[in-house]
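# Structural data only, the sequence is not supplied:
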C-alpha cells in the first residue's frame, strides 16, 4: 500500500492486524470502544450521531451485497473511501480524536490500487487487499 499523493482511495485503520489478519478500520475501532463501555458520554453522543449520519449518507456495502464481507468468499475484505467523497471524509477527524484520547493508533493510508474490488458505489470500494 503506497502513500500515493495521487491516490484515488483513502482508508483510516489500525497499524496492528486484527486476529483475522486485516487492519481494522476507524469505525470498527471506535465502535469496539463503545461496545466495551469505554467512551465518555460526549464521545458516545458523537459516535451515535455520526454513525447515524453515515448510515443515512451512503450505502452500507453488506446491505447491498450480504456476501461482501464473507470471510470465505472475500477474505480480508475492507472498505476504502474514494477521495472524492470529501463530505464523508471530513467527519473522520472526530473519530480519530476519540481514538487518540484512548491511546489507540490509527493511520491514514492512501492508494491508487488497494486490492481486488468486490464492491463499489459512488463513495467507496470494498477490496480484498493484495497482501491477503
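Cool, the structure landed. Computed from a predicted structure; not experimentally measured.

# so how far is residue 93 from the residue most central in space within the chain?
For the chain, residue 25 is the residue whose C-alpha lies nearest the centre (Cα atoms, centre = their mean; 3.8 Å). Distance of residue 25 to residue 93, computed by Cβ to Cβ, to the nearest Å: 15 Å. Where C-beta positions appear, they are placed from N, C-alpha and C, glycine not excepted.

# One more: residue 83?
Counting by Cβ to Cβ, the gap from residue 83 to residue 93 is 16 Å.

# More neighbours: which of these two?
A side-by-side neighbour count of residue 83 and residue 93, using other Cβ atoms under 10 Å, places residue 83 first with 14 against 11.

# The more buried one against residue 90, yeah?
No. Counting by Cβ atoms under 8 Å, residue 90 is not a contact partner of residue 83; they are 11.9 Å apart.

# buried set for the helix ranked longest in the chain?
In terms of residue count, the longest helix belonging to the chain (DSSP state H) is helix 41-57. Along helix 41-57, these residues count as buried under the neighbour rule (16 or more other Cβ atoms under 10 Å): 43-44, 46-47, 50.

# Show the pLDDT at the residue of the chain most remote from its centre.
Of all residues in the chain, the one whose C-alpha sits farthest from the chain's mean C-alpha position, using Cα atoms, centre = their mean, is residue 41 at 22.8 Å. Model confidence at residue 41, expressed as pLDDT, equals 98.

# And the one 4 residues further on, by the same measure?
Confidence per residue is given as pLDDT, and for residue 45 that number is 98.
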